[in-house]
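**Student:** Fold the following for me, if possible:
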Amino acid sequence: MKIKPADKMNYPPRWADYEDRLRKKFPYMGFAEGVSVGDVNRFGERYRAAKSFKHADFAVLADSTVHGYTAFFRLHLCYSAFEHLLECLGWKQKDSEAALPEGAQDRVLSKLRSIDGHERFFRATLDHLGSDKHFVEDYLAGRPVNPVALAGAVRHAFAQGKLMPDPAGSQDACAACCFILINFLSNFMDREFAARIASLDKPFEKTSQVPS
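**Tutor:** Residues are numbered from 1 along each chain as shown. A predicted model of the protein is given here:
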């Protein structure tokens, strides 16, 4: 999804329209009951931080290691923004799967599985997971799995301080898999946020609810 030049730099698409309509139309944007303007604004700031992040910078680490850390940090920031959006929508992680365009999940999984070393990377991730490890187990077994769950699992393993940029000799796969998941989450956020604003373009069209 292309962001219009009129949008504020590195905010979600149609953010300027969102701010313009806050005073009168916020209750009709399709966010969850009890969600405030401040809640949505916090999502916008987390999104902006993720979008604005360029790369990690270390004094003595090898370039390949820095590239891996950059991918992890960007995924961490992106998933944080994604979690804020889910809260604003009143959705759980599992609800996100029903909101995916047809074929989107298969396309993401196909991209991940085409990366040389993807299995080593996700096996290394699996070693550092608890209750959410079954998502990665499903992925490794070739079964369908929500890419959101995979992104959350990788973020969790890294945030706990255990998953490193060179897991089991799969350094290149680490960054490649992370960036595929980052792109997936970014597209999801762009699509769902813009849909809330677009719903106001047609006065009699109701906004979508939690996927069934």
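**Student:** Do you know the pLDDT at the most centrally placed residue in the chain?
**Tutor:** In the chain, the centroid-proximal residue (Cα atoms, centre = their mean) is Leu185; its distance is 2.8 Å. Note for Leu185: predicted pLDDT of 98.
**Student:** these two touch, right, it and Leu77?
**Tutor:** No - using Cβ atoms under 8 Å, Leu185 is not in contact with Leu77; the gap is 10.1 Å. All C-beta spots, glycine's among them, are computed from the backbone N, C-alpha and C.
**Student:** which residues touch the residue nearest to the centre of the chain?
**Tutor:** Leu185 makes contacts with Leu75, Cys78, Tyr79, Ala81, Phe82, Val148, Ala151, as judged by Cβ atoms under 8 Å, 6 or more residues apart in numbering.
**Student:** Mind giving me the PyMOL select for those residues, buried ones only?
**Tutor:** With 16 or more other Cβ atoms under 10 Å as the criterion, this PyMOL line picks the buried residues out of the contacts of Leu185:
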select buried, resi 75+78+79+81+82+148+151
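**Student:** Below-threshold pLDDT in this protein: ranges please.
**Tutor:** Along the chain, segments meeting pLDDT under 70 span 1-7, 167-171, 202-212.
**Student:** can you give me the strands in it?
**Tutor:** Counting by DSSP state E, the chain has no strands to list.
**Student:** in stretch 189-197, what's buried?
**Tutor:** Met189, Asp190, Glu192, Phe193, Ala194, Ala195, Arg196, Ile197.
**Student:** so how far is the first residue of stretch 123-132 from its last?
**Tutor:** 13 Å (Cα to Cα, to the nearest Å).
**Student:** Run through who's touching that stretch.
**Tutor:** Under Cβ under 8 Å, 6+ apart, the answer for stretch 123-132 is 133, 136-137, 140, 149, 152-154, 156-157, 160, 162-163, 167-168, 170.
**Student:** just to revisit the earlier point, return the closest of the contacts of Leu185 with respect to Gly68.
**Tutor:** Nearest to Gly68 among the contacts of Leu185, counting by Cβ to Cβ, is Leu75 at 10.9 Å.
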